[in-house]
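1. following is a predicted model, sequence given first.
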Amino acid sequence: MQKPIIAVHGGAGTWQPERQKPGQLGVKNAAKTGYTILKRGGSALDAVEAAVKNMEDNPVFNAGIGSTLTIDGRIEMEASIMDGKTLNAGATGLLHDIKNPISLARITMENTDYIFVVAYGAEKLAQIFKLPRRNPMTELRQHYWKEQRQRLETGELETLPKLKKLVTKNPKLFETADTVGAVALDKNGNTAAATSTGGYSLKLPGRIGDSPLIGAGNYADNQTGACSATGIGEVAIRLVLAKYTCDQMATGKTAQKAAENAITLVNQRLHIKNSMGLIAVDTKGTIGAAHNTPNLCWAHMTPKTTNPKTSMTATQILEPTEHTNP
């Protein structure tokens, strides 16, 4: 067994060449931030929060200051965090100007009787705990929004009622559907997971994705492991994908095999290409990562590595295959 360990992701999808280098640098810094906490004896919960905050403060990612815009040009951020030791969790959504949504998710977990608080209530909670605010809109995201809105208005980008058709006919709509996340195992064997996003570009106002939904985009349990998902939220929600991944680890599968099985399930059941990626860590101290997208920007760090290892891909599962449980 090797611990502590941490893995982070900056989002699955299509990463254009000019974004890949800053993306890899971003996940490297986030992994190092979280691992420093773990190495000093800190908790997995502190590590994943710190790693995600680091990415929320980096405009290359679609979370915090890099969040995408809704179809009417606004920001709506969401995040969640889960403690594998206690199964406590906190989540928040429909945030407009909170600097670090992941911190508000943790405040919700530790200071309220609830798990999921959104919109006005979440804003009031942030005010009570004096969380920093900022305008998360960047010129780059505004440029993307104007470009996609123009394609939508000219008919080049159709609005379709079914997600499968939308993804098939208009894959570029989801090119900025990045989400950030982290999973960790600390020296005491405790697991944690954290996920944060601005959603996908041109989303309907009020839409909530998988990132703040415990079991869909995020899950941690000391009896199994931890998982953070990224991609099209509706896919993860329909399959409760993060919990499915942890359940796979509960049957004895490694984090890597569990991640592969989860992506295979997406391909088998929903047949939606270029839709999902995820990272996982099991209680034995191994890491897993898989996706059916062109890229998954991610990094990990263990006691065997002096610096975080980064990549724009992991195990890529593109074709539907028969799903078995060996």
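-> Perfect, I can see it now.
2. which strand runs longest in the chain?
-> Of all the elements of type strand in the chain, the one with the most residues (DSSP state E) is strand 5-13.
3. tell me the angle the next helix or strand after that one makes with strand 5-13.
-> Sequence-wise, the next helix or strand beyond strand 5-13 is helix 17-39, with elements assigned using DSSP states H and E. Inter-element angle recorded for helix 17-39 and strand 5-13: 160 degrees (by axes from the mean of the first three to the mean of the last three CA atoms, to 10 degrees).
4. centre of the chain to helix 17-39, how far?
-> Relative to the centre of its chain, helix 17-39 is centred 14 Å away, using CA atoms, centre = their mean, to the nearest Å.
5. output the contacting helices and strands for it.
-> strand 5-13, helix 44-56, strand 180-185, strand 295-301, strand 309-311 (3 or more CB pairs under 8 Å, 6 or more residues apart in numbering; DSSP states H and E). Every residue, glycine included, has its C-beta placed from N, CA and C.
6. the second one vs strand 5-13, what angle?
-> Spelled out, it's helix 44-56. Calculated by the same axes, to 10 degrees, helix 44-56 forms an angle of 40 degrees with strand 5-13.
7. return the alpha-carbon coordinates of helix 44-56 using PDB.
-> What follows is helix 44-56 as a C-alpha-only set of coordinates in PDB (Å, rounded to 0.1, in the frame of the first residue of the first chain):
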ATOM      1  CA  ALA A  44      -7.600  14.000   2.600                       C
ATOM      2  CA  LEU A  45     -10.500  16.500   3.000                       C
ATOM      3  CA  ASP A  46      -8.100  19.400   3.400                       C
ATOM      4  CA  ALA A  47      -6.000  18.200   0.500                       C
ATOM      5  CA  VAL A  48      -8.900  17.900  -2.100                       C
ATOM      6  CA  GLU A  49     -10.300  21.300  -1.000                       C
ATOM      7  CA  ALA A  50      -7.000  23.000  -1.500                       C
ATOM      8  CA  ALA A  51      -6.300  21.300  -4.800                       C
ATOM      9  CA  VAL A  52      -9.700  22.300  -6.200                       C
ATOM     10  CA  LYS A  53      -9.400  25.900  -4.900                       C
ATOM     11  CA  ASN A  54      -6.100  26.100  -6.800                       C
ATOM     12  CA  MET A  55      -7.900  25.200 -10.000                       C
ATOM     13  CA  GLU A  56     -10.800  27.500  -9.300                       C
END
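8. returning to what we had before: buried deepest among the helices and strands packed on helix 17-39, which one?
-> Counting by mean count of other CB atoms under 10 Å, strand 180-185 has the highest mean neighbour count of the helices and strands packed on helix 17-39, with a mean of 36.
9. list the pairing partners of that one within its sheet, with orientation.
-> Here strand 180-185 has these sheet partners by DSSP bridges: strand 5-13 (antiparallel), strand 191-197 (antiparallel).
10. sorry, back to before: to Arg19, which of the helices and strands packed on helix 17-39 lies closest?
-> Closest to Arg19 of the helices and strands packed on helix 17-39, according to CB to CB: strand 295-301, at 8.6 Å.
11. give me the helices and strands touching that closest one, please.
-> Identification of packing neighbours for strand 295-301 by 3+ CB pairs under 8 Å, 6+ apart yields strand 5-13, helix 17-39, strand 276-282, strand 287-291, strand 309-311.
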